[in-house]
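J.: the amino acid sequence is not available; the structure is as follows:
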Ligand SMILES: NC(=O)C1=CN([C@@H]2O[C@H](COP(=O)(O)OP(=O)(O)OC[C@H]3O[C@@H](n4cnc5c(N)ncnc54)[C@H](O)[C@@H]3O)[C@@H](O)[C@H]2O)C=CC1
Ligand SMILES: O=C(O)C(=O)Cc1ccc(O)cc1
């Protein structure tokens, strides 16, 4: 089976990118969309993010065989409740949220009896909103699908095909495992970036203009991440709390070891750690998993 009518709820960076990628896929998929913000709907129409931008969530999902919720993690439950009465009984409900356990539970609660197959494209940028999306966002990027126990295998396979048709590479895993993996590979790195940029701007002995003027490559990379959407990231930390706290404890232990090595002048410890981490970066590049977007990995990008 394949999805002929796809409804996208939330027409920001991710929803808009899915709509644009579907427009370019040549499969004739019909797309509808809705966003709670009227100004976003205006921009979505102007950019042609979907074939039909609707002013009502029910109208957007009527007749759809795939509905994808592309709203902040904390808005998933309300977005699901707003479409419940208008969903076709056969349709698949999915999402793109950055954490998976609480979303799965919220969607299962809000939409009893529907086929819910959560997903997370591990692809994005620090930009958000209806002008941020682009059709190639998912090319060669991973999309993790977290089918709940008992999910219909044919519908899971159709969702895998769907993401592959957008250019993604697909992996399936359990929602709890997803949340622990992403806590360490995405959520804590964002937390570190938000914190270090905040620390630098709060310092009394270094002025804010010096921070901006002399920011070296590493700090500039942190400022890009720390420019990510505050609503989205607040929701990620509220919803992936347990996994983030668990990984954060491990990270703080390692950071304390590093502080001790610096205090004690233990160059060997630092050299060994930095050599190990350099090897990880080199494996990512060798696998072609560094960012394929032009200029994206450069320290002087905007
Ligand atoms: N930004 C990124 O790099 C990535 C984000 N994600 C996930 O994708 C989801 C969407 O993120 P973005 O597209 O970046 O956010 P965005 O802020 O660009 O777009 C979200 C849109 O949802 C709309 N919205 C909020 N509540 C709504 C509701 N109840 N009903 C309908 N529309 C509603 C907002 O008006 C906004 O236009 C989030 O759950 C996020 O965790 C996943 C991968 C990457
Ligand atoms: O901009 C970046 O570097 C990102 O890491 C984008 C991103 C943000 C959230 C996700 O759930 C997945 C990818």
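T.: Alright, I've got the coordinates. These figures come from a predicted structure and were not determined experimentally. Ligands and ions are numbered 1, 2, ... in the order given.
J.: helices of the stretch 101-250 of the chain, start to end?
T.: Taking DSSP state H, counting those that start in this stretch to define them, one finds helices in the stretch 101-250 of the chain at 101-110, 153-165, 175-182, 188-202, 208-213, 217-225, 230-239, 241-264.
J.: of all these, which one comes closest to ligand 1?
T.: With C-beta to the nearest ligand atom, the closest approach to ligand 1 among the helices of the stretch 101-250 of the chain belongs to helix 230-239: 5.0 Å. No exception for glycine: its C-beta is placed from N, CA and C like everyone else's.
J.: please see if that closest one touches ligand 1.
T.: Yes: using C-beta under 6 Å from any ligand atom, helix 230-239 comes into contact with ligand 1 via 232, 236.
J.: residues contacting that helix, please?
T.: Residues from elsewhere that reach helix 230-239, judged by C-beta atoms under 8 Å, 6 or more residues apart in numbering: 72-75, 97-99, 101-103, 128, 187, 190-191, 194, 244.
J.: from the residues you listed, which two are the most distant?
T.: Distance extremes for the contacts of helix 230-239: the farthest pair is 101 and 128 at 23.2 Å, using C-beta to C-beta.
J.: now stretch 200-211: mean pLDDT?
T.: Taken as a whole, stretch 200-211 has an average pLDDT of 78.
J.: would you mind naming what in this protein lies close to ligand 1?
T.: Going by C-beta under 6 Å from any ligand atom, the residues of the chain near ligand 1 are 9-15, 34-37, 40, 70-73, 75, 78-79, 96-98, 121, 124-125, 128-129, 132, 229, 232, 236.
J.: out of those, which are buried?
T.: The neighbour-count test (16 or more other C-beta atoms under 10 Å) marks 9-15, 34-35, 40, 70-73, 75, 79, 96-98, 121, 124-125, 128-129, 132, 229, 232, 236 as buried among those.
J.: of those, which ones also sit close to ligand 2?
T.: Restricting those to those within reach of ligand 2 (C-beta under 6 Å from any ligand atom) leaves 98, 124, 125.
J.: do I have it right that the last one meets residue 13?
T.: Yes: taking C-beta atoms under 8 Å as the contact criterion, residue 125 and residue 13 are neighbours in contact, 6.7 Å apart.
J.: what touches both of the two?
T.: Overlap of the contact sets of residue 125 and residue 13 (by C-beta under 8 Å, 6+ apart) consists of 132, 137.
J.: residues of the stretch 1-150 of the chain that sit close to ligand 2?
T.: Contact residues, the stretch 1-150 of the chain versus ligand 2 (C-beta under 6 Å from any ligand atom): 98, 122, 123, 124, 125, 126.
J.: quick one: distance of the helix or strand of the chain with the lowest mean pLDDT to the chain centre.
T.: Lowest by mean pLDDT, DSSP states H and E among the helices and strands of the chain is helix 208-213, with a mean of 78. Centre-to-centre, helix 208-213 and its host chain are 30 Å apart (C-alpha atoms, centre = their mean, to the nearest Å).
J.: cool, and stretch 44-63?
T.: Distance, centroid of stretch 44-63 to centroid of chain: 22 Å (C-alpha atoms, centre = their mean).
J.: and it, which residues are buried?
T.: Within stretch 44-63, judged by 16+ other C-beta under 10 Å, the buried ones are 44, 47, 49, 50, 53, 54, 57, 60, 61, 62.
J.: of the ones next to ligand 2 among the buried ones among the residues of the chain next to ligand 1, closest to residue 86?
T.: Nearest to residue 86 among these: residue 98, at 26.5 Å, using C-beta to C-beta.
J.: setting aside sequence neighbours, what's the nearest residue to that closest one?
T.: Nearest residue to residue 98, sequence neighbours excluded (C-beta to C-beta, 6 or more residues apart in numbering): residue 236, at 5.0 Å.
J.: same deal with residue 24?
T.: Distances taken as C-beta to C-beta, 6+ apart place residue 135 nearest to residue 24, at 4.9 Å, with adjacent residues excluded.
J.: for residue 251, same thing?
T.: residue 188 (6.0 Å).
J.: need the pLDDT of that neighbour.
T.: 98.
J.: repeat for residue 41
T.: With respect to pLDDT, residue 41 has a value of 98.
J.: wait, is it part of a helix?
T.: Yes: under DSSP: H, G, I helix; E, B strand; the rest coil, residue 41 falls within a helix.
J.: wait, it sits on residue 11?
T.: Yes: counting by C-beta under 8 Å, residue 41 does reach residue 11; the two are 7.1 Å apart.
J.: so for those two, which residues contact both of them?
T.: Taking C-beta under 8 Å, 6+ apart as the criterion, residue 41 and residue 11 both touch 34, 35, 53.
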